[in-house]
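Peer 1: Dropping the sequence and predicted coords here.
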Amino acid sequence: MRENVESIRSDLSVKVCAKALDIIANKWTVLVVYTLEGGNLRYGEMKRRIDGISQKMLTQTLRLLERDGLVRRVVTLSVPPAVDYSLTPLGVTLVGHLQPLKKWANTVFPIIESARENYDRNTGVTTINSEDDEGKDSNTKSESPFVV
């Protein structure tokens with residue numbers, strides 16, 4: 001009986017983890033959070049700072065983060081309306097968890113690039129498509145999404 005209770009707790013933990021990963025396991029989500037860690041930004045400024053993000057993807061990502069309570073959207077009535085985005089207190093807690101990932105990625109990405117080059121050279125494969133589905137050229141090597 002006790003094993004079943006532990007098994008159920010473990011299953012619930014996995015489900016919660018999976019739900020959390022659904023929120024953050026997207027390069028655009030991580031990049032938007034990194035971009036907002038410095039404070040309020042307008043949409044256009046975020047788009048300029050996040051290399052390669054489309055207007056559609058930035059809008060979708062911001063809406064999802066707002067829905068999850070990680071991003072706050074404030075509209076100032078003016079002509080044209082000004083819209084500012086910032087992290088909520090909950091969003092700020094996520095930054096603390098993502099910073100070690102950012103540090104790790106910036107430290108090891110040259111090693112990863114070298115491993116990719118060795119793999120490609122040894123297998124005869126020039127590149128593997130690791131880009132998103134936004135119509136990027138699949139024959140280009142990806143750069144670290146964590147260098148913001």
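Peer 2: That came through fine. Only a predicted model underlies this, so the values are computations on that prediction, with no experimental measurement involved. Residues are numbered from 1 along each chain as shown.
Peer 1: Run through the protein and note the low-pLDDT ranges.
Peer 2: Scanning the chain with the threshold set as pLDDT under 70 gives 1-12, 126-148.
Peer 1: biggest helix in the chain by residues?
Peer 2: Using DSSP state H to assign secondary structure, the helix with the most residues in the chain is helix 89-123.
Peer 1: residues contacting the closest residue to residue 88 other than its chain neighbours?
Peer 2: Nearest non-adjacent residue to residue 88, counting by C-beta to C-beta, 6 or more residues apart in numbering: residue 72, 5.1 Å away. Any C-beta I mention is one placed from the backbone N, CA and C, and that applies to glycine too. By C-beta atoms under 8 Å, 6 or more residues apart in numbering, the contact set of residue 72 is 66, 85, 86, 87, 88, 91.
Peer 1: Double-check that residue 72 belongs to a helix.
Peer 2: No - going by DSSP: H, G, I helix; E, B strand; the rest coil, the assignment for residue 72 is strand, not a helix.
Peer 1: The residue nearest the centre of the chain and residue 70, how far apart?
Peer 2: Among the residues of the chain, the one closest to the centroid is residue 30, at 2.2 Å (C-alpha atoms, centre = their mean). Counting by C-beta to C-beta, to the nearest Å, the separation of residue 30 from residue 70 is 11 Å.
Peer 1: likewise residue 31?
Peer 2: Distance from residue 31 to residue 70, by C-beta to C-beta: 13 Å.
Peer 1: burial of the closest residue in space to residue 125 that isn't next to it in sequence, as a residue count?
Peer 2: The shortest distance from residue 125 to any non-neighbouring residue, by C-beta to C-beta, 6+ apart, is to residue 119 (7.1 Å). Here the number of neighbours of residue 119 (other C-beta atoms under 10 Å) works out to 11.
Peer 1: Next, find the distance separating residue 119 from residue 98.
Peer 2: Residue 119 is 27 Å from residue 98, by C-beta to C-beta.
Peer 1: Please apply the same query to residue 48.
Peer 2: For residue 48, the distance to residue 98 - C-beta to C-beta - is 21 Å.
Peer 1: who's more crowded, those two?
Peer 2: residue 98 (17 against 12).
Peer 1: Please look at that one and residue 31 and confirm they touch.
Peer 2: No - using C-beta atoms under 8 Å, residue 98 is not in contact with residue 31, being 10.1 Å away.
Peer 1: can you tell me the distance between the two ends of stretch 75-88?
Peer 2: 15 Å (C-alpha to C-alpha, to the nearest Å).
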